[in-house]
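In: following is a predicted model, sequence given first.
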Amino acid sequence: MTSTGLQGRSVIVTGAGSGIGRATAVKFAEEGASVLVADVSQEGAEQTVRTIEEAGGTAKAVIGDVRDQQVIAEIVDTAVQAFGGLNVLVNNAGIMDHMSAVGETEDDEWDSVIGINLTAPFRLTRAALPHLLTAGSGAIVFTASEAALRGSAAGAAYTTSKHGIVGLTKSLAVMYRKSGIRANAIAPGGTATNLRPDVRPDAHGPAVLGPHLGVGVGDKLATAEEQAAAIVFLASDAASYINGAVLPVDNGWSAA
């Protein structure tokens with residue numbers, strides 16, 4: 001059986017107060033990693049830390065909005081100081097849009113979705129890179145989306161943000177592979193989490209997208225734990241030669 005190699009590793013997971021992020025943080029801890037739990041929700045982050053600690057694992061929480069550069073610095077600095085370095089970064093935090101088409105996307109919707117889903121992962125990765133380079137190896141995993149693979153899975157802002165994540169993943173893989181750093185992403189399909197779009201039923205975007213989304217869900221939603229298993233795999237030594245990949249975890253939606 002291949003070892004995950006995660007025992008004793010230092011891991012950051014953003015959006016770890018619920019859903020895929022929480023399941024991912026718990027899974028890393030089960031594999032023996034120390035986990036920095038980052039989330040905008042204090043209650044959610046502290047619950048994730050309690051779950052890990054009650055199972056005998058090690059975790060710390062940082063609360064704040066990942067659009068804030070000071071929060072980004074605190075996340076990285078806390079992980080490095082508490083756990084003695086940094087080995088894995090999981091850029092998971094994200095929000096949905098309103099399924100808006102371009103013509104009905106307001107600036108606030110665009111700025112918020114791009115800021116959290118794309119700019120924040122870029123900045124956090126930039127802050128983490130010196131520590132990964134110092135370690136001589138490391139893994140970065142992004143939560144992209146089915147919306148990173150097609151134009152019919154979300155609105156304009158969310159779709160653009162997740163296509164951007166794919167580009168960021170591939171750029172990192174090429175630029176830093178000789179430094180021992182791997183960058184990969186998962187592309188989740190429909191997953192049972194609390195992340196839901198706030199949709200205006202009379203809007204053009206939802207009316208167009210509705211039939212496509214029904215086909216994509218298939219027979220069942222994925223669990224957060226199924227998505228977490230893919231993230232942890234990509235960060236592990238079992239995926240040591242996988243770099244620049246975008247792994248659909250979507251029950252075949254992207255193959256249809």
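Out: Received, thanks.

In: ok, now which ones touch the closest residue to T143 other than its chain neighbours?
Out: What sits nearest to T143 in space, not counting adjacent residues and going by Cβ to Cβ, 6 or more residues apart in numbering, is N92, at 4.4 Å. For every residue, glycine as well, the C-beta is placed using N, CA and C. Contact analysis of N92 by Cβ atoms under 8 Å, 6 or more residues apart in numbering lists 13-16, 20-21, 24, 142-143, 231.

In: could you pick out the buried ones from those residues?
Out: Those of those that meet the buried threshold are 13-16, 20-21, 24, 142-143, 231, by 16 or more other Cβ atoms under 10 Å.

In: the protein: helices as residue ranges?
Out: With DSSP state H as the criterion, the chain has helices at 19-30, 42-54, 69-83, 107-114, 120-135, 156-176, 204-217, 224-235.

In: now the fifth one against helix 69-83, angle please.
Out: Right, the one you point to is helix 120-135. Between helix 120-135 and helix 69-83, the angle formed by their directions is 30 degrees, by axes from the mean of the first three to the mean of the last three Cα atoms, to 10 degrees.

In: tell me the angle helix 120-135 makes with helix 107-114.
Out: Using the same axes, to 10 degrees: helix 120-135 against helix 107-114 is 20 degrees.

In: out of the helices of the chain, which is the most enclosed?
Out: Stretch with highest mean neighbour count among these: helix 19-30 (a mean of 26; mean count of other Cβ atoms under 10 Å).

In: CA atoms only: put that helix into CSV for me.
Out: The C-alpha trace of helix 19-30 is given here as CSV (Å, rounded to 0.1, in the frame of the first residue of the first chain):
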residue,chain,number,x,y,z
GLY,A,19,-18.4,21.6,3.4
ILE,A,20,-15.5,20.4,1.3
GLY,A,21,-13.0,22.5,3.3
ARG,A,22,-14.0,20.9,6.6
ALA,A,23,-14.0,17.4,5.2
THR,A,24,-10.5,18.1,3.7
ALA,A,25,-9.1,19.5,6.9
VAL,A,26,-10.4,16.5,8.9
LYS,A,27,-9.0,14.0,6.3
PHE,A,28,-5.5,15.6,6.4
ALA,A,29,-5.5,15.4,10.2
GLU,A,30,-6.5,11.7,9.9
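
In: tell me how far that helix lies from the chain's centre.
Out: Relative to its chain's centre, helix 19-30 lies at 11 Å (Cα atoms, centre = their mean, to the nearest Å).

In: which strands or helices does that helix pack on?
Out: With contacts taken as 3 or more Cβ pairs under 8 Å, 6 or more residues apart in numbering; DSSP states H and E, helix 19-30 sits against strand 10-14, strand 34-39, helix 42-54, strand 58-63, strand 88-91, helix 224-235.

In: centre of the chain versus the third one, how much separation?
Out: Chain-centre distance of helix 42-54: 18 Å, with Cα atoms, centre = their mean.

In: just the C-alphas of that helix, formatted as CSV.
Out: The C-alpha coordinates for helix 42-54 follow below in CSV (Å, rounded to 0.1, in the frame of the first residue of the first chain):
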residue,chain,number,x,y,z
GLN,A,42,-15.4,31.8,13.6
GLU,A,43,-18.0,29.3,14.7
GLY,A,44,-17.3,27.0,11.6
ALA,A,45,-13.5,27.1,11.9
GLU,A,46,-13.6,26.5,15.7
GLN,A,47,-15.9,23.5,15.1
THR,A,48,-13.5,22.0,12.6
VAL,A,49,-10.6,22.4,15.0
ARG,A,50,-12.6,20.8,17.8
THR,A,51,-13.5,17.8,15.5
ILE,A,52,-9.8,17.3,14.6
GLU,A,53,-8.6,17.7,18.2
GLU,A,54,-11.2,15.4,19.6
